[in-house]
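Asks: What shape does this take:
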Amino acid sequence: MNDREQADASSEPYTVDAKPVEISDDEWSREKTIDELLRDLASVEQTAVDESGQIIIIRKYQSLCRRLGRFIPVAEPTPEYVIHLSDLKPEVRGALEKIHHPELRRLLAHQAVLRLFEAVGIDPYISIGRKLVIKVIGDQNLFA
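Replies: This is a model prediction of the structure:
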């Protein structure tokens, strides 16, 4: 058995510079935070009434992507992509609160919204990514 197989077989925690690396079960990686934020945004539904008076259900943030996708590259001032914190699950809000750098929180939200643009068939990286402005509305000032 070589050293690597021995290390894998042992029950000792992996170490970095001879110190054990411990990751809490409630901590999320950046990618997981982006994925969960994307999932929350993609699942928010709202009702609307069409011309015939029928109630229809629309996906709130995908609809916002479709509406703003053609305007963000050309409009001055750039329209804001508004996210309501009340639309996010407590776990996602909690994960965002644990990130101590507001700039990193903004970056993660930016990445989640760009992925949502992709999901509705709009390539955001050429024309939207640089100009996208996200405004977060809610009780907590997570993105200040």
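Asks: So which residues of the chain form helices?
Replies: Assigned by DSSP state H, the chain shows helices spanning 3-9, 30-43, 60-69, 90-98, 102-119, 124-127.
Asks: Now do the second one against helix 102-119, angle only.
Replies: For helix 30-43 and helix 102-119, the angle between their directions (axes from the mean of the first three to the mean of the last three Cα atoms, to 10 degrees) works out to 50 degrees.
Asks: Counting by contacts, list what helix 30-43 packs against.
Replies: Other helices and strands packing on helix 30-43, by 3 or more Cβ pairs under 8 Å, 6 or more residues apart in numbering; DSSP states H and E, are helix 60-69, helix 90-98, helix 102-119. All C-beta spots, glycine's among them, are computed from the backbone N, C-alpha and C.
Asks: Switch these over to a markdown table; also include distance to Ala75.
Replies: As requested, the helices and strands packed on helix 30-43 are exported to a markdown table (distance: least, Cβ to Cβ, whole Å):
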| stretch | distance to Ala75 |
| --- | --- |
| helix 60-69 | 9 |
| helix 90-98 | 28 |
| helix 102-119 | 15 |
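Asks: looking at the ones you listed, which has the lowest confidence?
Replies: Mean pLDDT values for the helices and strands packed on helix 30-43 show the minimum at helix 90-98, a mean of 90.
Asks: Tell me the helices and strands packed up against it.
Replies: Secondary-structure packing of helix 90-98 (3+ Cβ pairs under 8 Å, 6+ apart): helix 30-43, helix 102-119.
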